[in-house]
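Engineer: Here's my sequence, what's the structure:
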Amino acid sequence: MRAGGWRVGQGDDKLSATVNGRNGDHDETRGWENSMIGRKRRTGALATSLIVLAMVALTGCGSDGRPLTTLDPRGQASTDIHKLVVPVFIVAGIVFVFVNLGVLFVAIKFRRKDEDEFPEQVHGNTKLELGWTILPAVIMAGIAVGTIATLFNIANEPDDIAQDFEVTVVGQQWWWSFEYDLGRDGTIDFVTASEMVIPTGTPVKITTTSRDVIHSFWIPALNGKKDAAPGRNHPFWLNADAPGRYLGQCTEFCGLSHGYMRMLVEARDQGDFEAWVANQMKPAAIPAASDEAARRGLEVFTGACTSCHQVQGVNSNDCTPITSASQYDVAKNTCWVGAQPYAGAAQVSGYAPDLTHLMSRYLFVGALYDLRGPTTGELNRAELEGWIRNPDDYKPMLPEATGDNKYGRGMPKVPLTEDQIDDLVAYLSTLK
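Structural biologist: Below you'll find the predicted structure:
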């Protein structure tokens, strides 16, 4: 190097070649690294997609034998809905296929082949723009006509709807009660919890409402959804074409245990339904003095359970308190010894399941667990005892008072001994 500047010569050319070579190696290394990163990202995306698809597929693998599906209609209203859903899904499937084929065709045919090539522009093609505007509009108009017609069909009460009774469906956190009005005179004749029984082949008038927050009543095999809102009465109806048990689910998010709020509708032949109604109208029988375990269980019930639950014939509305068993008289509407007239439950909703004929039901705890075997009819004693022992093991609840609420939501843990639990279950098993 000379003073005043660099000397350019053969040595400098070698240095330049060396530097350029190193840069080339570096570029190749960076390109390989970028390629590997891109490959890992694609592999990760593919793995994630496969996991998501597998999870979606597994959600359809229920094992309880009581699936909730709209694709197996068993009533007049659900059949009307099914006749709408099937063609809509067929049209949607055809549109899906054509749109995706179109996207693939455009992506392949007009993919970039040369950096200097600019694709032909098709904006301003009047025929094409009219086509993809008018065709979807026609399809949506056809779906709208079918949807409106179906809504009118399921909103109007059928001419052959039952005239001798109706049912008020009441939602509360987190279970359903069904209030039967025989004669449709505004009087509640009896109440069931979690399970509603209807006659086969006869449309039944229903009114939905709520005692606390908004719920939504849905028996997919029999009809669509109907909201149950506090302070409002929503008319509804459903029927079942054949005898069977049809499971439903609350479909309006209603708090902590919303996902555990199910219900069951059982359709029976007319004769079986009438016999069931006659039994529901009776007060619960008091266990004989010789049945010592059940009699002790009745004492446990009156001491620990009547602050929430009602049993007709034990703590009926407006019953007269008595001091000895000899004073008990169903005809005079006396309470059982130690019980007070039922005046509502210590719950935010002011109500808890009526247990008068508990053993006539198949499910309990919001229709989640088997109370009796569906075929044998035998009591599932382990589940019932477990529920009494520790309700939190069965579904999430909030039985403690919160904020401005004097009471909580859900069944509290009652401090009972194992012997008391055994006696209480012995008494509950007599409520047939």
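
Engineer: The residue lying closest to residue 395 once chain neighbours are set aside: what's it in contact with?
Structural biologist: Leaving aside its chain neighbours, residue 395 sits nearest to residue 260 (4.1 Å; criterion: C-beta to C-beta, 6 or more residues apart in numbering). Quick note: C-beta positions are derived from backbone N, CA and C, even for glycine. Taking C-beta atoms under 8 Å, 6 or more residues apart in numbering as the contact definition, residue 260 lies against 174, 365, 366, 368, 395, 396.

Engineer: Same question for residue 160.
Structural biologist: 202, 203 are the contacts of residue 160 under C-beta under 8 Å, 6+ apart.

Engineer: Quick check on the contacts of residue 260: which are buried?
Structural biologist: Applying 16 or more other C-beta atoms under 10 Å to the contacts of residue 260, the neighbour count classes 174, 365, 366, 368, 395 as buried.

Engineer: which residues touch the last one?
Structural biologist: Contact analysis of residue 395 by C-beta under 8 Å, 6+ apart lists 174, 257, 260, 365, 366, 368, 410.

Engineer: what about the last one, neighbour count?
Structural biologist: Each residue near residue 410 was counted by other C-beta atoms under 10 Å, and the total is 24.

Engineer: and the helix or strand harbouring residue 48, average pLDDT?
Structural biologist: Following DSSP states H and E, one finds residue 48 within helix 10-58. Average pLDDT, helix 10-58: 58.

Engineer: Then stretch 158-174?
Structural biologist: 93.

Engineer: Can you measure across that stretch, start residue to end residue?
Structural biologist: End-to-end distance of stretch 158-174 (C-alpha to C-alpha, to the nearest Å): 31 Å.

Engineer: how about it: buried residues?
Structural biologist: 162, 165, 166, 167, 168, 169, 170, 171, 172, 173, 174.

Engineer: Just put the residues you listed in TSV and tack on distance to residue 150.
Structural biologist: Shown next, in TSV, are the buried residues of stretch 158-174 (distance: C-beta to C-beta, whole Å):
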residue	distance to residue 150
162	23
165	27
166	24
167	24
168	26
169	22
170	27
171	25
172	31
173	32
174	31
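
Engineer: of all these, which two lie farthest apart?
Structural biologist: Within the buried residues of stretch 158-174, 162 and 173 form the most distant pair, 29.8 Å apart (C-beta to C-beta).

Engineer: Tell me which residue lies nearest the centroid of this structure.
Structural biologist: residue 249 (3.0 Å; C-alpha atoms, centre = their mean).

Engineer: tell me the mean pLDDT for stretch 85-97?
Structural biologist: 92.

Engineer: For that stretch, which outside residues touch it?
Structural biologist: Residues from elsewhere that reach stretch 85-97, judged by C-beta under 8 Å, 6+ apart: 70, 71, 139, 142, 143, 146.

Engineer: Then stretch 399-411?
Structural biologist: Contacts for stretch 399-411 (C-beta under 8 Å, 6+ apart): 173-174, 212, 255-257, 308, 346-349, 352, 387, 391, 395, 397-398, 412-413.
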